[in-house]
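*Asks:* Got a sequence here, can you build the structure:
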Amino acid sequence: NISIPLIQDTLVEGDETFAVTLTVTGGGAILGPVSNAIVTIQDDDALVRFRRVSTNVTELVNTVVVDLDRVGSTNGAVTVQLQADPSSTATAGSDYTAFGITTITFPPGVTATNFTVTIRDDFTPEGFIPEVLTLAITNALPALSSNAFGATVTNTGPLLENYFFDINITDNDPTSGTIT
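*Replies:* Purely as a prediction, here's the structure:
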């Protein structure tokens, strides 16, 4: 028997292979009929991301479906949390229904899921600049700690990419005034 230690990495790169070949260097040893083998290292890393980075809606839209994708290994469950950026210009309770920190789980074998945000019409004229609700993927498990709002990620498990999603909410309420 021979033992080849493997080094864990955090790259979503697909399966990797290498060859092992036995050779005779002396001492009268005789090789059997199989003297080489191909070893496949199955990639166990996953990447969780938003399918898109933004969407544009008006206050008249009732809901926005936010799609998340899991890329790479689908062995085992992966859990992430979604939360609203506290510096978003859209206001919880008036522009959208508050949802706090929401946990999303990808069971083994699952590569896509979604989360629904309820948009609210606040009946307040706000001009032509959209209010923005920024969502972030945080706290991916197993073995990942992240602070998406500070943009630091320490990773020994699932990776994050496209971990921010902006919902640009355009006002639908008429502004007051006189057009001349």
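
*Asks:* The residue lying closest to Leu82 once chain neighbours are set aside and Ile38, how far apart?
*Replies:* Spatial nearest neighbour of Leu82, excluding adjacent residues (Cβ to Cβ, 6 or more residues apart in numbering): Thr102 at 4.8 Å. Any C-beta I mention is one placed from the backbone N, CA and C, and that applies to glycine too. For Thr102, the distance to Ile38 (Cβ to Cβ, to the nearest Å) stands at 44 Å.

*Asks:* Tell me how many other residues surround the residue nearest to Leu82.
*Replies:* Number of residues near Thr102 (other Cβ atoms under 10 Å) recorded here: 13.

*Asks:* can you pull the contacts of it?
*Replies:* With contact set as Cβ atoms under 8 Å, 6 or more residues apart in numbering, Thr102 has these partners: 81-83, 115.

*Asks:* Repeat that for Thr105.
*Replies:* If a contact means Cβ under 8 Å, 6+ apart, then Thr105 has 77-79 as its contacts.

*Asks:* tell me the residue furthest from the middle of the protein?
*Replies:* Gly28 (56.3 Å; Cα atoms, centre = their mean).

*Asks:* Secondary structure element holding it?
*Replies:* Gly28 is located outside every helix and strand, with elements delineated by DSSP states H and E.
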